[in-house]
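Colleague: what shape does this take:
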Amino acid sequence: MGAATTVKKFDWKLGDKVAIRDGYGRGLLEVGALDAAVVALDADLAGSTRSNWFQAQWPERFVQMGISEQDMVTTAAGMAHAGKRPFVSTFAVFLERAFEQIRNCVGRQGLDVKFCGSHGGLMTGQDGSSAHGLEDIGIMRTLPNMHVVAPADAQEARSAVHAMHARDGPAYMRSTRAGVPLFHDEDYTFRWGKGEVVRDGDDVTLIACGPHVHESLAVAEQAQAEGTSVRVVNMASIKPIDEALVAKCAQETGRIVTAEDHFVHNGLGSAVAEVMAEHATGGVLHRIGVRSFTTSGTPEELYRHFEVDQPKMLSAVREVLTK
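Modeller: A predicted model of the protein is given here:
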């Protein structure tokens, strides 16, 4: 990937709890060091999205748009037309305000604009129901030309920024607020359209994205104690999705559970269901996801209340074994 010559230093080790948004900030520094055409734009939340790290390094290549998401997207589109490579960030739920501009100004023209929706999902916690971006993956994966990634940890997010930069065209990354244990090291390389088997198993496949990959690994351990062998797949590349791997898992284990911090409709689970149907894989599918609008609380409280926590995932593993 190449190392960035930046002022900010990082000392991340396997097992450290690091926010996925920190991986975005670090990756942005690195591609900024590699390519002078990279510019960053933010909508009044640079400290939260971590684009302020880029701002501190290259203030002349950073634009603070204020609370003006639609203007931010159209400005980025203009910069892309002028040969720049814009990275645009704000909270996932606020980026949705600019959907018309993302669709018409960027998507329809296939412009080289990269988006990061930070603070996605219930992990945003006490910021409240209105701040829980739970439909962002579905909205973005609907658009032709748009690639979508939901990294499982900060190192994967860092690598995914490089993959976004390397591909000409629009892309969307979802990042999250709280720390997630690192299970990738600095040599890990994210690839579009490729899933990652992080634990093998024969009875059930758990396909997850974002922080739910870590949750899935814990569930697999619990299931192993009950005599059930669970395969865990990190499907960070939601669009394009790894169709071959999904079909292989459906055919080999016959039972799939998907888990995500997103509305159950039109997210990862829906993408997996589409692959299973189109490839006529057979097998059983159970989708774990949020099924209603939410409320305020800690991430742990919200995961439990809206049934996307480890006990619910383990229950789903047990349930598909009976079908």
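
Colleague: residue 194 versus the residue nearest to residue 71 when sequence neighbours are not counted, what's the distance?
Modeller: Counting by CB to CB, 6 or more residues apart in numbering, the nearest residue to residue 71 once its immediate chain neighbours are dropped is residue 65, at 5.9 Å. C-beta here means a position set from N, CA and C on the backbone, and glycine is covered the same way. Summarising the geometry, the distance separating residue 65 from residue 194, computed by CB to CB, to the nearest Å, is 34 Å.

Colleague: now swap in residue 280 and tell me
Modeller: If you measure residue 280 against residue 194 using CB to CB, the figure is 22 Å.

Colleague: higher neighbour count, these two?
Modeller: residue 194 (16 against 8; other CB atoms under 10 Å).

Colleague: list the residues that contact residue 172.
Modeller: Residues in contact with residue 172, defined by CB atoms under 8 Å, 6 or more residues apart in numbering, are 114-117, 136-137, 140, 146-149.

Colleague: neighbour count, secondary structure and distance to residue 36 for those - can I get that in JSON lines?
Modeller: Putting the contacts of residue 172 into JSON lines (neighbours: other CB atoms under 10 Å; DSSP: H, G, I helix; E, B strand; the rest coil; distance: CB to CB, whole Å) gives the following:
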{"residue": "114", "neighbour count": "26", "secondary structure": "strand", "distance to residue 36": "16"}
{"residue": "115", "neighbour count": "28", "secondary structure": "strand", "distance to residue 36": "21"}
{"residue": "116", "neighbour count": "32", "secondary structure": "strand", "distance to residue 36": "20"}
{"residue": "117", "neighbour count": "26", "secondary structure": "strand", "distance to residue 36": "26"}
{"residue": "136", "neighbour count": "25", "secondary structure": "helix", "distance to residue 36": "30"}
{"residue": "137", "neighbour count": "31", "secondary structure": "helix", "distance to residue 36": "31"}
{"residue": "140", "neighbour count": "27", "secondary structure": "helix", "distance to residue 36": "28"}
{"residue": "146", "neighbour count": "20", "secondary structure": "coil", "distance to residue 36": "26"}
{"residue": "147", "neighbour count": "23", "secondary structure": "strand", "distance to residue 36": "24"}
{"residue": "148", "neighbour count": "29", "secondary structure": "strand", "distance to residue 36": "27"}
{"residue": "149", "neighbour count": "28", "secondary structure": "strand", "distance to residue 36": "24"}
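
Colleague: can you tell me which of those is nearest residue 52?
Modeller: Sorting these by how near they are to residue 52, with CB to CB, puts residue 116 at the top with 12.9 Å.

Colleague: name the element residue 48 belongs to?
Modeller: Residue 48 is located in helix 46-49, with elements delineated by DSSP states H and E.

Colleague: kindly export the next helix or strand after that helix (C-alpha atoms) in PDB.
Modeller: Using DSSP H and E, the helix or strand that follows helix 46-49 in sequence is helix 52-57. As requested, C-alpha coordinates have been extracted for helix 52-57 and formatted as PDB (Å, rounded to 0.1, in the frame of the first residue of the first chain):
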ATOM      1  CA  ASN A  52      -9.500  16.500  10.600                       C
ATOM      2  CA  TRP A  53      -6.300  14.400  10.600                       C
ATOM      3  CA  PHE A  54      -6.100  15.100   6.800                       C
ATOM      4  CA  GLN A  55      -7.000  18.800   7.500                       C
ATOM      5  CA  ALA A  56      -4.100  19.100   9.900                       C
ATOM      6  CA  GLN A  57      -1.600  17.700   7.400                       C
END
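
Colleague: could you list the buried residues of helix 52-57?
Modeller: Buried residues in helix 52-57, defined by neighbour count with 16 or more other CB atoms under 10 Å: 52-55, 57.

Colleague: now, which of those residues sits nearest residue 259?
Modeller: Distance from residue 259 was checked for each of the buried residues of helix 52-57 by CB to CB. The minimum falls on residue 53, at 30.5 Å.

Colleague: now do the closest one against residue 135, distance only.
Modeller: The value you get for residue 53 to residue 135, if CB to CB is used, is 28 Å.

Colleague: what's the lengthiest strand in the chain packed up against?
Modeller: Ranked by number of residues, the top strand in the chain under DSSP state E is strand 255-263. Using 3 or more CB pairs under 8 Å, 6 or more residues apart in numbering; DSSP states H and E as the contact test, the elements touching strand 255-263 are helix 136-142, strand 204-208, helix 212-225, helix 243-253, helix 268-278, strand 284-290, helix 310-320.

Colleague: nearest to residue 170, out of those?
Modeller: helix 136-142 (8.9 Å).

Colleague: tell me the mean pLDDT for that closest one?
Modeller: pLDDT averaged over helix 136-142 equals 98, rounded to a whole number.

Colleague: could you do stretch 167-178 as well?
Modeller: 96.

Colleague: that stretch: which residues count as buried?
Modeller: Using 16+ other CB under 10 Å, the residues of stretch 167-178 that count as buried are 169-178.

Colleague: gap between the two ends of that stretch?
Modeller: Taking CA to CA, to the nearest Å, the span from the opening residue of stretch 167-178 to its closing residue is 28 Å.

Colleague: same check, this time on stretch 93-104
Modeller: For stretch 93-104, the first-to-last residue distance is 19 Å (CA to CA).
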